[in-house]
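>>> Pasting the sequence and the predicted model now:
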Amino acid sequence: MGLDVESPVHTVWKMYRMQLEAPVPIPIICDVVPPDLPSYLGRDYHGTISHVEASNLLYSEPNGAYLVRSSKSANGQFHTLSLKFNGKIHHYKLFYDPQSGLYVREKRYDCVRSS
């Protein structure tokens, strides 16, 4: 007999399983420090590159590979988190608020800084 899908225990186990299956984050480090590097980003920041250029950088990398970039169309309003997951490249708007840190939509993160 399995766990009831409405059970809080089921939800915790589902989240735990998702966490175990998630790829390890692999930052794609930029070879040259971009002149517009914000203080709240790290060496995974690639400056202003297109989604095609970002996709090309991530194409041959394993799942979990990511980079942060400026978008030509963003006018400085946000950055883009480009990452490879399940063999596909995904692009997410990455916002910054000095009080809250980095966030994608309503989810907020302390940092996306590579060491």
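Nice, thanks for sending it over. Since we're looking at a predicted model, the values are computed, not measured.
>>> what ranges do the strands span in the chain?
26-27, 45-48, 65-70, 79-85, 88-97, 101-104, 107-109 (DSSP state E).
>>> could those go into a markdown table alongside distance to Arg17 and mean pLDDT?
The C-beta positions use only the backbone N, C-alpha and C, and glycine is treated the same way. Shown next, in a markdown table, are the strands of the chain (distance: least, C-beta to C-beta, whole Å; pLDDT from 0 to 100):
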| stretch | distance to Arg17 | mean pLDDT |
| --- | --- | --- |
| strand 26-27 | 21 | 96 |
| strand 45-48 | 32 | 94 |
| strand 65-70 | 22 | 96 |
| strand 79-85 | 16 | 93 |
| strand 88-97 | 21 | 90 |
| strand 101-104 | 22 | 82 |
| strand 107-109 | 20 | 49 |
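>>> so which of those is the most packed in?
Highest mean neighbour count of the strands of the chain: strand 65-70, a mean of 24 (counted as mean count of other C-beta atoms under 10 Å).
>>> helices and strands around that one, which ones?
strand 26-27, strand 45-48, helix 51-59, strand 79-85 (3 or more C-beta pairs under 8 Å, 6 or more residues apart in numbering; DSSP states H and E).
>>> Looking at these, which is nearest to Val33?
For Val33, the closest of the helices and strands packed on strand 65-70 is strand 45-48, at 8.6 Å, according to C-beta to C-beta.
>>> Pull up the pairing partners for that closest one, direction included.
Strand pairing for strand 45-48, determined by DSSP bridges: strand 65-70 (parallel).
>>> and the strand it pairs with, C-alpha only, in PDB?
Only the C-alpha atoms of strand 65-70 are listed here, as PDB (Å, rounded to 0.1, in the frame of the first residue of the first chain):
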ATOM      1  CA  ALA A  65      25.500  23.600 -16.900                       C
ATOM      2  CA  TYR A  66      24.500  27.200 -16.600                       C
ATOM      3  CA  LEU A  67      25.600  30.800 -17.200                       C
ATOM      4  CA  VAL A  68      24.300  34.200 -16.500                       C
ATOM      5  CA  ARG A  69      24.100  36.900 -19.200                       C
ATOM      6  CA  SER A  70      22.700  40.300 -20.100                       C
END
